[in-house]
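# Below are the sequence and a predicted model for it; my questions follow.
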Amino acid sequence: MREQPRSGCAINAAVEVLGDAWSLIVLRDIVFGGRRHFRELLTLNDEGIASNVLSSRLRQLVRHGLLTRDDASRGQRATYSLTEAGIQTVPVMVALGTWGMNNRPTTPELTVRARILAESPTLTADLMDELRELHLGTRRPHPDRQSASDRLQCAYEATLGDR
């Protein structure tokens, strides 16, 4: 992957980092699945990512500043963390999920979270604040609120329970 974008176009610059078949899927699994280790990302991925592809994408995401990788000591698992740039992909993923939900065949079980987040900008913002706390150590502005991931899970279960 090139270090400099082909042009000064903002869409091109984003697509060059996020536009391959796996980068947003890896970020999705970290953001929404809470997966922070290589083995979790590999074995719990619904799309069946290959280990060499995952390794390559994680390196690229670190190189482009969307993730950091801690230096694990020998025998320890390396932990990946989102950077602020990585956290700022959440609204992009919500928009892509909304588009996919409206224009492509999907399953209700895997579309519920996309619909819930599309309908609740406040929940999306709270999720981003929660990710900042978890990955960057920044205190949430409203720590007294129920966590966004808990609210999302409750809405998910309620929606599936209504079926």
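Looks like it came in fine. Quick caveat: nothing in here was measured; it's all calculated off a predicted structure. Numbers count the residues shown, from 1 in each chain.

# Return the set of buried residues in the helix or strand L110 falls within.
L110 belongs to helix 108-119 when assigned by DSSP states H and E. Buried residues in helix 108-119, counted by 16 or more other Cβ atoms under 10 Å: 111-118. (C-beta placed from N, C-alpha, C; glycine too.)

# One more: stretch 77-95?
Buried, per 16+ other Cβ under 10 Å, within stretch 77-95: 80-83, 86-87, 89-90, 93-94.

# Mark which of those residues are part of strands, please.
80-82 (DSSP state E).

# any idea which of the residues you listed is closest to V53?
Y80 (15.4 Å; Cβ to Cβ).

# how close does the closest one get to C154?
27 Å (Cβ to Cβ, to the nearest Å).

# Could I get the buried residues of helix 108-119 in JSON lines, plus columns for pLDDT?
Below are the buried residues of helix 108-119 laid out as JSON lines (pLDDT from 0 to 100):
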{"residue": "T111", "pLDDT": "87"}
{"residue": "V112", "pLDDT": "87"}
{"residue": "R113", "pLDDT": "86"}
{"residue": "A114", "pLDDT": "88"}
{"residue": "R115", "pLDDT": "90"}
{"residue": "I116", "pLDDT": "91"}
{"residue": "L117", "pLDDT": "92"}
{"residue": "A118", "pLDDT": "92"}
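
# With distance to S149 added, can I get the residues you listed in a markdown table?
Output for those, formatted as a markdown table (distance: Cβ to Cβ, whole Å):
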| residue | distance to S149 |
| --- | --- |
| T111 | 18 |
| V112 | 14 |
| R113 | 10 |
| A114 | 15 |
| R115 | 16 |
| I116 | 12 |
| L117 | 11 |
| A118 | 17 |
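
# how about S56, what does it touch?
With contacts taken as Cβ atoms under 8 Å, 6 or more residues apart in numbering, S56 has no neighbouring residues.
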